[in-house]
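> Predicted coordinates and the sequence they were generated for:
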2 protein chains.
Amino acid sequence: MKSDTKTLILDVAQRLIQTRGHNGFSFRDLSREVGVRTASIHYHFPTKTDLAVALIRRYREMIGEAMADIAVQQDSLGKRLDATTRLYMDTLHNGSRICVCAALAGEYLSLPGAVQVELRKLIDDSERWISRFLTEGRARGEISKDNDPHSLARLWYAALQGALVVSRAGNHEILRDAAGALKNLTLRGM
Amino acid sequence: MKSDTKTLILDVAQRLIQTRGHNGFSFRDLSREVGVRTASIHYHFPTKTDLAVALIRRYREMIGEAMADIAVQQDSLGKRLDATTRLYMDTLHNGSRICVCAALAGEYLSLPGAVQVELRKLIDDSERWISRFLTEGRARGEISKDNDPHSLARLWYAALQGALVVSRAGNHEILRDAAGALKNLTLRGM
DNA sequence: GTCTATAAGGGGATAGAC
DNA sequence: GTCTATCCCCTTATAGAC
């Protein structure tokens, strides 16, 4: 059993960050939900910064695995973009969560330096995965050669992150509409 | 002189929300920067919720005026989208701020109900302005009739908000690249 | 690994003097 | 309008018993 306290703390902390942000939860909140005292949480993660860093690192690995799965299971650009969009939709529909990236980036200038560093790695990684999908799709003629896959990847990533954030506060249809419109534009005429 | 304490409090609070988020600043922070004691801030805004609500309301008016100016000064869809993009770029380059919308939406589930309500109004308003630009542009034949202006407006708003958030934490070129790519896709072949 | 107890400071908010 | 003084609770974090 690796479903021990340490893992449970990370699970709960991640959900709290995705719903309330880094400054929106405390060790006390964690304590209540995990079922141990705050001192026990400090045993596993000496400081809140240690916890946040470990959490982002784990999240980055999870995203990496999910995107690698998509790369293996989906053979066309259209399907890969759909699957990526679905990944974000699932996040939103799982307790109104947004991506850890957008949640933390929103309060970026209040974050400890070590957390900022991990966050940048998460963004770089995620952007690279979408960039790879677009580059491979372009090589296979699935989108116009006029497109710069790197800029287009940044657009996709920004749009997905932003749609998640705005959808939660506004209307959940925004994510579906925005992603649908972007897919149409990306593959138009192909 | 309307540049009184109340206005100064709103100015500083807005900057702090745009850089650190709602849970990332305190009355003490305001006190230091405005130059009055926290009790004086409570005189102008009894609770932090009152302050946030007033601030979003004012921000919404400012955005409305800026978008109305764009509607008057720019006569083509391309120019209007460029001017809107520039509005967001200016925000990012003014002390690494993001839009009040994205800053608050990131910690949505930790916000007081009254603040959530004001935030939704801000999102609706902003989306409507972009939707109007796209609808008018479509009627003038500046984009394909295949586009649904409403979905496209949601894409534009999500992309701009997300690009701002991700750019600040990652790389400021993301906003330029994402907005450039989206403009190309939107006007492609026209 | 988890607990109790506690430190030292920050949080929003109020009463009442000036 | 702004101040001092204060309330009461929450915050992260540590020491040391079990």
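Cool, got the structure. Numbering: from 1, shown residues only, chains lettered A, B, ... in the order given.

> can you give me the helices for chain A?
Secondary structure of chain A by DSSP state H: the helices cover A:5-20, A:27-34, A:38-44, A:48-73, A:77-93, A:100-105, A:113-139, A:149-169, A:173-187.

> right, and these - which one's nearest residue B:173?
With C-beta to C-beta as the criterion, residue B:173 lies closest to helix A:149-169 of these, at 8.1 Å. Every C-beta, even on glycine, is put in place using the N, C-alpha and C of the backbone.

> Save the helices of chain A as CSV, and put in mean neighbour count, mean pLDDT and distance to DNA strand C too.
Formatted as CSV, these follow (neighbours: other C-beta atoms under 10 Å in any protein chain shown; pLDDT from 0 to 100; distance: least, C-beta to the nearest atom of the strand, whole Å):
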stretch, mean neighbour count, mean pLDDT, distance to DNA strand C
helix A:5-20, 19, 98, 4
helix A:27-34, 17, 98, 8
helix A:38-44, 15, 98, 3
helix A:48-73, 16, 98, 13
helix A:77-93, 18, 98, 28
helix A:100-105, 28, 98, 18
helix A:113-139, 18, 98, 17
helix A:149-169, 27, 98, 21
helix A:173-187, 21, 97, 30
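
> check contacts around the residue lying closest to residue A:121 once chain neighbours are set aside.
Of all residues not flanking residue A:121 in the chain, residue A:60 sits nearest, at 6.4 Å (C-beta to C-beta, 6 or more residues apart in numbering or on different chains). With contacts defined as C-beta atoms under 8 Å, 6 or more residues apart in numbering or on different chains, residue A:60 is in contact with A:118, A:121-122, A:125.

> ok, of the residues you listed, which one's closest to residue B:159?
Ranked by distance to residue B:159 (C-beta to C-beta), the contacts of residue A:60 are led by residue A:122 at 19.3 Å.

> which residue packs closest to that closest one, ignoring adjacent ones?
Counting by C-beta to C-beta, 6+ apart, residue A:122 lies nearest to residue A:60, which is 4.8 Å off, once chain neighbours are set aside.

> Just the closest residue of chain A to chain B, please.
Closest residue of chain A to chain B, C-beta to the nearest C-beta: residue A:162 (2.4 Å).

> Distance of the nearest residue to that residue once chain neighbours are set aside relative to residue A:187?
Nearest residue to residue A:162, sequence neighbours excluded (C-beta to C-beta, 6+ apart): residue B:162, at 2.4 Å. From residue B:162 over to residue A:187 the distance is 20 Å, taken as C-beta to C-beta, to the nearest Å.
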